[in-house]
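**Student:** Show me the folded form of this:
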Amino acid sequence: MKEKKFDRTVIKKLQKLNDHVAEIRTLWGDMVRINDLISDETSLKFKKAQGMYRKALAKKDDADMIRMIDMMYRAYDVIVNELKEYGYKPIEPHMRCFDWNGEIWYVTDMDYQMPRAKLIAKHKDANFISIEELLRSVPKELMDMRILIAKQFEGSKFVKVELTDGKG
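**Tutor:** I've put the predicted structure just below:
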């Protein structure tokens, strides 16, 4: 039995919707952040629309999928309009730039700020990382040691170590 596939026009509409969703997430953050900002009612309605959309994807019915794509555009419009109505603005990432061993690194506070940071960064070939990602990469044991040291030696300062040529 041959697997059912979408028509080319539906596939193009799906790609356009995916691009639209990516743009919204770049401007407003991921859905975890967005769900924290919108009303519970809007969030529930959006999740219901997503469920209907996923079922249409699985059915692979062209006419049904086109209706669901149109519905998702409307659903995202409702979310963006509500965000604006509540006074929220698109993400402006808190971003710092570092030269680390000759490589440019942009550091944002949160993961959801990364896509927007990549768009507005001066150095397009730079490396990007968030503080969240950095903290996830620190082993728990090392973080526990850092906390213990901070508590035991409260008020002490760490000394900066300068790089030298060793001929001194």
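**Student:** how does the protein divide into domains?
**Tutor:** 8-85, 95-152 (automatic domain parsing).
**Student:** Pick out the residue closest to the middle of the protein.
**Tutor:** Y112 (3.1 Å; CA atoms, centre = their mean).
**Student:** Which residues are in contact with that one?
**Tutor:** R25, G29, D30, V32, R33, I91 (CB atoms under 8 Å, 6 or more residues apart in numbering). C-beta coordinates here come from the backbone N, C-alpha and C atoms, glycine included.
**Student:** rerun that using 7 Å as the cut-off
**Tutor:** G29, D30, R33, I91 (CB atoms under 7 Å, 6 or more residues apart in numbering).
**Student:** got it, and I91?
**Tutor:** Taking CB under 7 Å, 6+ apart, one finds L27, W28, G29, Y112, Q113, R116 in contact with I91.
**Student:** List buried residues within those residues.
**Tutor:** W28, G29, Y112, Q113, R116 (16 or more other CB atoms under 10 Å).
**Student:** count of residues packed around the residue nearest to Y86 when sequence neighbours are not counted?
**Tutor:** In space, and not counting its chain neighbours, Y86 is closest to L37: 6.8 Å by CB to CB, 6 or more residues apart in numbering. Residues near L37, counting by other CB atoms under 10 Å, number 15.
**Student:** Could you report the distance from L37 to K12?
**Tutor:** As judged by CB to CB, to the nearest Å, L37 and K12 stand 31 Å apart.
**Student:** before we move on, the earlier item: just the pLDDT for the residue nearest to Y86.
**Tutor:** L37 carries a pLDDT score of 95 in this model.
**Student:** returning to what we had before: adding pLDDT as columns, could you present the contacts of Y112 in TSV?
**Tutor:** Formatted as TSV, these follow (pLDDT from 0 to 100):
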residue	pLDDT
G29	88
D30	88
R33	90
I91	85
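**Student:** what's the closest of those residues to L148?
**Tutor:** R33 (32.9 Å; CB to CB).
**Student:** And the strands in the chain, which stretches?
**Tutor:** For the chain, the strands defined by DSSP state E cover 95-100, 103-108, 127-130.
**Student:** In CSV, list those strands along with mean pLDDT and mean neighbour count.
**Tutor:** Listed next are the strands of the chain as CSV, based on pLDDT from 0 to 100; neighbours: other CB atoms under 10 Å:
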stretch, mean pLDDT, mean neighbour count
strand 95-100, 86, 12
strand 103-108, 89, 18
strand 127-130, 92, 17
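**Student:** Distance to D7 added to the ones you listed, as TSV?
**Tutor:** Below are those laid out as TSV (distance: least, CB to CB, whole Å):
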stretch	distance to D7
strand 95-100	42
strand 103-108	40
strand 127-130	38
